[in-house]
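Enquirer: what's the 3D shape of this:
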Amino acid sequence: MPRVTSRLVLYFPGFDPLDAAAHHLRYQRAAALAGKTWDVDYAVGPLENAPGGETFSVEASAGEWRTRSAIFVYDHNAVISELRAAPVWRQIWLGFRAGAGIVSEGGAARYFRHAWRFGLFFIFPFLLMLAGGALAAVIAASPLIFALPLWLFAVSLPAAALFFMKAFLPFAERFHTLHLYADWRFALAVGRDEPIARDWIEERAALVLTALEQPADEVLVVSHSMGASLALAVIGRVLEVKPDALNGRTLSFATLGGAALQCAFLSNAERLRRSIGAIAHHPEVTWFDIQCLTDPIHLYRCNTVALTGHNDAPQPKIVPIRFKHSLSSERYKKNKRNFLRMHRQYVLGPDRRSGYDFTLLTAGPVPAASFADLDSQTPPVL
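Expert: Numbers count the residues shown, from 1 in each chain. Purely as a prediction, here's the structure:
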């Protein structure tokens, strides 16, 4: 297998409340673990603001091979931070309104039909908030419930508010509940092609076109979680603006724990579905979807292209992995019941050699397209 000496990586992160600087630090930590595991020297450069966006370089080496990767990070943290700027009560209200929008556009029904675990993930933050609100309501109404003097409302109402704000909300934030509300609001905006999403997509498409001007042996578009929807929308827009942008490039399109259907299942997501078709039909693109059963926050075993109406297009290969193959028994046992932690594992470092490793995919010497044929238990030959 020929080795890659230069790579251009366009990285679209997922739902985590992290900006490019935080993703850069996470990558450094993952590369340190991967380096020890694979006996590879990963030299991660500083984050810089280049014409193509925020970027850092990775120099990987071991033995006689050297690979240089330029990684551009297209996070959407600024949009989520803007959505999180409202008062808490308004964030809750707008979150529930977004949830209702997902339901009215048929998304929730399709989640449960095709990937019921993702459907449970969708309703989880709303049920959690309703449970907290119900407990607060019981505290507030306790004078009536227990036939106590009405003057005790002067105590029960402040106690209910105190419980909700100081006890329940901090507990709910352990699950990033308000962040998930903002994420669902943005997902709905992406599906509906609303200005807050369209502006972000247009800006990133312009940056990607600039980044694509630099030479490299291969181009890797890699996305995690909801980043899949954004990567598809951006690359789709790139092809609208410049249809030959990918011509002559060896391009792999990798979705990790892909949740593109989170947005594409919405009835109004016609433009996103067109982008999916354009990318799937492109002759230069090798698209594969890395999935893990332990991760409930993606549409497991769902084929994004077929389910968005493009049965005539080449279908992305679904590549199953097991996180227990890349983690020590102790580390896997510690984290396997933390569904948010498992969902992040696609982009975190390993402590065992296996068929999949994020740092190896984005900065190693093996072609990214070879990961479409990986075996979860079998490490690639470097």
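Enquirer: now name the helix or strand holding residue 288.
Expert: In this structure, residue 288 sits in strand 285-292 according to DSSP states H and E.
Enquirer: which helices and strands sit right next to that strand?
Expert: Applying 3 or more Cβ pairs under 8 Å, 6 or more residues apart in numbering; DSSP states H and E, we find strand 285-292 packed against strand 251-256, helix 270-281, strand 317-321. C-beta here means a position set from N, CA and C on the backbone, and glycine is covered the same way.
Enquirer: what comes into contact with that strand?
Expert: 246, 251-258, 279-280, 298, 300-301, 303-305, 314, 316-323, 342, 345-346, 356, 369, 371-372 (Cβ atoms under 8 Å, 6 or more residues apart in numbering).
Enquirer: and stretch 229-245, by the same measure?
Expert: Against stretch 229-245 from outside (Cβ under 8 Å, 6+ apart): 10, 12, 74, 76, 187, 190, 197, 200-202, 204-205, 208-209, 212, 221-223, 246, 253, 255, 259-260, 262-264, 271-272, 274-276, 278-279, 282.
Enquirer: please enumerate the helices of the stretch 1-150 of the chain.
Expert: In the stretch 1-150 of the chain, the helices defined using DSSP state H, counting those that start in this stretch lie at 20-38, 77-83, 88-104, 107-114, 116-140, 142-145.
Enquirer: any idea how far the second one is from the chain center?
Expert: Just to be clear, that refers to helix 77-83. Here the centre of helix 77-83 is set off from its chain's centre by 15 Å, with Cα atoms, centre = their mean, to the nearest Å.
Enquirer: and if you look at the fourth one?
Expert: Taking the mean C-alpha point of helix 107-114 and that of its whole chain, the gap between them comes to 19 Å (Cα atoms, centre = their mean).
Enquirer: please work out which of the helices and strands packed on strand 285-292 is packed deepest.
Expert: Mean neighbours per residue, mean count of other Cβ atoms under 10 Å, is largest over those for strand 251-256, with a mean of 26.
Enquirer: what sits up against stretch 61-72?
Expert: Against stretch 61-72 from outside (Cβ under 8 Å, 6+ apart): 3-11, 27, 38-41, 43, 50, 52-60, 207-208, 211, 214, 216, 362-365, 382.
Enquirer: now the residue lying farthest from the centre of the chain. Nearest residue, chain neighbours left out?
Expert: Most distant from the centre of the chain: residue 149, at 51.9 Å, with distances by Cα atoms, centre = their mean. Nearest residue to residue 149, sequence neighbours excluded (Cβ to Cβ, 6 or more residues apart in numbering): residue 143, at 6.7 Å.
Enquirer: now swap in residue 288 and tell me
Expert: Using Cβ to Cβ, 6+ apart, the nearest residue to residue 288 is residue 372, at 3.9 Å.
Enquirer: can you confirm the one you found is in a helix?
Expert: Yes - the assignment for residue 372, made by DSSP: H, G, I helix; E, B strand; the rest coil, places it in a helix.
Enquirer: so residue 185 is in which element?
Expert: Taking DSSP H and E as the criterion, residue 185 maps to helix 177-192.
Enquirer: so the helix or strand following that helix versus helix 270-281, what angle?
Expert: The helix or strand immediately downstream of helix 177-192 is helix 195-211, counting by DSSP H and E. Taking axes from the mean of the first three to the mean of the last three Cα atoms, to 10 degrees, one finds that helix 195-211 is oriented at 30 degrees with respect to helix 270-281.
Enquirer: run through who's touching helix 195-211.
Expert: Looking at what lies outside helix 195-211 - Cβ under 8 Å, 6+ apart - the contacts are 8, 10, 50-53, 55, 70, 72, 74, 76, 79, 82, 186, 189-190, 230, 233-235, 237-238, 241-242, 245.
Enquirer: that helix to helix 177-192, inter-axis angle?
Expert: Using the same axes, to 10 degrees: helix 195-211 against helix 177-192 is 80 degrees.
Enquirer: and helix 195-211, how far from the chain's centre?
Expert: Helix 195-211 sits 17 Å away from the centroid of its parent chain (Cα atoms, centre = their mean).
Enquirer: quick one, grab the pLDDT at residue 359.
Expert: Per-residue pLDDT puts residue 359 at 98.
Enquirer: what is the neighbour count of it?
Expert: For residue 359, the count of nearby residues is 26 (other Cβ atoms under 10 Å).
Enquirer: could you measure from it over to residue 74?
Expert: When distance is defined by Cβ to Cβ, to the nearest Å, residue 359 is 19 Å away from residue 74.
Enquirer: kind regards, and thank you for your time.
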